[in-house]
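*Asks:* Generate coordinates for the sequence data below:
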Amino acid sequence: MNVAPAAPNAPMPKEQPAQTNRLRMLAEFLVVGICTLSFVFTVMAIGSGVLGTAAPGTRDFVEYWASGQQLARHANPYDGSALLPMERVVGLPAGIPPMVMGNAPPALLLVYPLGFLHSRTGEIVWSLLLLLCLIVSVRMVRAAHGSPDSKLHYLGYGFGPALICLAANQAAMFVLLGLALFLRFHRSRPFFAGAALWFCALKPHLFLPLGLVLLAWIITTRRYRLLVGAVSALLLSIGVAYVLDPSAWAQYHRMMSASRYDKLPIPCLSIVLRRSISPGTTWLQYLPAAIGCIWALAFFWKHRREWDWLVHGSPLILVSVLVAPYTWIIDQAVLMPALLHGVYVTRSRTLLAILAMTTAVLEIAPLRGKAPMQSAFYLWTVPTWLVWYLLATRSARRENASAPPVAAERVAMAIEAATP
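*Replies:* Numbers count the residues shown, from 1 in each chain. From the prediction side, this is the model:
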């Protein structure tokens with residue numbers, strides 16, 4: 001008597017999964033459509049900015065080009081008063097102070113060739129180089145993960161901060177390239193991998209905890225060829241900078257002292273901490289980095305015997321940028337390898353959709369003029385990338401039991417690495 005009434009209701013459970021699958025497919029279609037449109041519009045905006053009628057002086061390229069022009073004339077590349085007339089001629093808007101390159105003298109090696117190019121030609125060449133850096137970086141990270149057949153690496157090409165960096169013509173793309181080359185070749189070609197880290201030295205403040213762990217890893221594993229490669233590249237660039245401008249370091253010091261980066265409204269954790277507690281106390285700005293370095297050393301020591309730069313280095317990169325003394329949204333392009341690692345580890349379509357939609361929001365906001373570089377809108381970004389990475393790696397715990405042995409081992413390492 002209890003079985004008969006249940007028979008008419010038997011097909012119901014079969015319809016619910018089908019309906020759920022249809023809704024999921026519709027949601028995925030919408031996510032893909034929105035992200036594709038935002039990516040296309042962003043690429044079109046970047047292309048029209050470089051190839052259209054907009055003047056080079058409206059983007060960060062102008063500071064590199066003007067410094068190169070000064071170098072070609074054997075003049076001070078950090079002299080704002082000398083740079084300003086050149087930058088005004090190529091379109092720097094009135095009312096904006098001179099844009100001076102904030103990179104140390106070793107970076108003069110990159111900008112010197114721009115001194116022999118017209119501003120428009122130089123911008124096209126520079127933009128193509130940055131685009132090449134992004135393409136090579138994504139390919140290197142994908143190769144480091146075994147070149148899987150999936151198309152998940154496309155998320156790297158569409159990573160919001162990377163596209164914003166391209167739109168601004170910022171040199172952070174070279175930093176991303178150096179990090180990606182290190183992750184790809186640190187085992188097979190240590191000298192080359194160490195030399196590639198020279199690009200990361202363009203913005204060393206982004207890698208304080210990571211750099212400390214890298215040195216500890218080199219010493220404990222005796223990978224001295226990597227250290228020799230890094231030191232060789234750095235010494236070579238310092239030598240080239242001295243030949244180009246023997247007074248470069250003194251000029252750079254004067255410029256940095258006058259610029260006072262600590263006074264800029266940079267939307268990042270360290271700046272907010274100092275401004276909230278004591279705006280005039282500069283050391284507060286470096287407190288998060290100091291705490292991050294302590295955590296990084298403890299994290300490395302815990303995992304030193306099985307250290308893997310793809311698995312353990314990913315959370316380390318995220319924390320390093322989170323606690324950096326100062327960082328802009330464009331600098332977050334260097335987080336792409338860490339997030340791609342999370343993409344390859346997780347099999348959660350929901351998390352992949354969240355990452356894609358988040359990066360789409362970042363692409364759309366600058367295009368609409370709603371979020372200039374100094375906007376507090378970007379304060380949430382690095383914490384969000386870190387939380388997403390932790391969720392992506394921990395979601396793999398439920399999938400570990402059914403994964404193949406090799407994949408299961410990688411997932412287990414990622415979960416352990418993501419847990420401080």
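
*Asks:* only C-alpha atoms for contact and neighbour calcs from this point on.
*Replies:* Fine.

*Asks:* Identify each buried residue in stretch 117-124, please.
*Replies:* 119-120, 122-124 (16 or more other C-alpha atoms under 10 Å).

*Asks:* mind giving me CSV with those and columns for pLDDT, secondary structure and distance to residue 147?
*Replies:* Converted to CSV, these look like this (pLDDT from 0 to 100; DSSP: H, G, I helix; E, B strand; the rest coil; distance: C-alpha to C-alpha, whole Å):
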residue, pLDDT, secondary structure, distance to residue 147
119, 87, helix, 38
120, 87, helix, 37
122, 90, helix, 34
123, 89, helix, 33
124, 89, helix, 31
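
*Asks:* among the residues you listed, which two are most distant?
*Replies:* Farthest pair in those (C-alpha to C-alpha) is 119 and 124. Separation: 8.7 Å.

*Asks:* Relative to residue 108, how far out is residue 259?
*Replies:* For residue 259, the distance to residue 108 equals 19 Å [C-alpha to C-alpha, to the nearest Å].

*Asks:* The two: which is more packed in?
*Replies:* Legend: neighbour count by other C-alpha atoms under 10 Å for residue 259 and residue 108, higher for residue 108 (24 against 14).

*Asks:* Might you report the residue contacts of that one?
*Replies:* Residue 108 makes contacts with 68, 241, 244, as judged by C-alpha atoms under 8 Å, 6 or more residues apart in numbering.

*Asks:* Could you rank these by neighbour count and give me the top one?
*Replies:* These, ranked by neighbours (other C-alpha under 10 Å): first place residue 68, 25 neighbours.

*Asks:* Ranking helices and strands of the protein by mean pLDDT, which lands last?
*Replies:* Within the chain, no helix or strand scores below helix 405-418, which has a mean of 48 by mean pLDDT, DSSP states H and E.

*Asks:* how about the helices in the stretch 201-350 of the chain?
*Replies:* Under the criterion DSSP state H, counting those that start in this stretch, helices of the stretch 201-350 of the chain are mapped to 208-221, 224-244, 248-259, 269-277, 287-303, 313-322, 336-345, 349-367.

*Asks:* out of those helices, nearest to residue 159?
*Replies:* Judging the helices of the stretch 201-350 of the chain by C-alpha to C-alpha, what sits closest to residue 159 is helix 349-367, at 5.8 Å.

*Asks:* Skipping adjacent residues, who's closest to residue 278 in space?
*Replies:* The shortest distance from residue 278 to any residue other than its chain neighbours is 7.9 Å, reached at residue 284 (C-alpha to C-alpha, 6 or more residues apart in numbering).

*Asks:* Where does pLDDT dip in this structure?
*Replies:* For the chain, residues meeting the criterion pLDDT under 70 lie at 1-58, 260-262, 365-371, 397-420.

*Asks:* just to revisit the earlier point, return the member of the contacts of residue 108 nearest to residue 315.
*Replies:* For these, the minimum distance to residue 315 (C-alpha to C-alpha) is 34.1 Å, reached by residue 241.

*Asks:* what's the distance between the closest one and residue 156?
*Replies:* 33 Å.

*Asks:* likewise residue 131?
*Replies:* For residue 131 relative to residue 156 (C-alpha to C-alpha), the value is 12 Å.

*Asks:* Please apply the same query to residue 334.
*Replies:* 11 Å.

*Asks:* any idea how far residue 148 is from residue 396?
*Replies:* Distance from residue 396 to residue 148, by C-alpha to C-alpha: 18 Å.

*Asks:* the more surrounded of these two?
*Replies:* Taking neighbours as other C-alpha under 10 Å, residue 396 and residue 148 compare with residue 396 leading, 22 against 12.

*Asks:* element containing the more buried one, please.
*Replies:* Assessed by DSSP states H and E, residue 396 sits inside helix 381-399.

*Asks:* And that helix, what does it pack against?
*Replies:* Secondary-structure packing of helix 381-399 (3 or more C-alpha pairs under 8 Å, 6 or more residues apart in numbering; DSSP states H and E): helix 313-322, helix 336-345, helix 349-367, helix 405-418.

*Asks:* Next, the buried residues of that helix.
*Replies:* Across helix 381-399, burial judged by 16+ other C-alpha under 10 Å covers 381-382, 385-386, 388-397.

*Asks:* For residue 274, state which of those is nearest.
*Replies:* Of these, the one sitting nearest to residue 274 (C-alpha to C-alpha) turns out to be residue 382, at 17.8 Å.

*Asks:* Now that closest one. Nearest residue, chain neighbours left out?
*Replies:* residue 322 (5.9 Å).

*Asks:* what's the distance between the one you found and residue 346?
*Replies:* According to C-alpha to C-alpha, residue 322 and residue 346 sit 22 Å apart.

*Asks:* do the same with residue 243
*Replies:* Using C-alpha to C-alpha, one obtains 49 Å as the distance from residue 243 to residue 346.

*Asks:* Repeat that for residue 294.
*Replies:* 29 Å.

*Asks:* between the two, who's got more neighbours?
*Replies:* Between residue 294 and residue 346, residue 346 has the larger neighbour count (other C-alpha under 10 Å), namely 21 against 14.

*Asks:* Could you report the neighbour count for residue 214?
*Replies:* 18.

*Asks:* in stretch 141-154, what counts as buried?
*Replies:* Those would be 141-142, 144-145, 153, for stretch 141-154 by 16+ other C-alpha under 10 Å.

*Asks:* Tell me how far residue 245 lies from residue 257.
*Replies:* Applying C-alpha to C-alpha to residue 245 and residue 257 gives a distance of 19 Å.

*Asks:* What is the subsequent helix or strand relative to the strand or helix carrying residue 133?
*Replies:* Following DSSP H and E, one finds residue 133 within helix 119-144. Downstream of helix 119-144, the first helix or strand assigned by DSSP H and E is helix 154-157.

*Asks:* So what touches that next one?
*Replies:* Under C-alpha under 8 Å, 6+ apart, the answer for helix 154-157 is 134-135, 138, 163, 336-337, 340, 356.

*Asks:* Got a ChimeraX select line for the buried ones in those?
*Replies:* Buried members of these, defined by 16+ other C-alpha under 10 Å, are picked up in ChimeraX with:
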select :134,138,163,336,337,340,356
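
*Asks:* List just the nearest of the contacts of helix 154-157 to residue 92.
*Replies:* The shortest approach to residue 92 among the contacts of helix 154-157 belongs to residue 163, at 21.9 Å (C-alpha to C-alpha).
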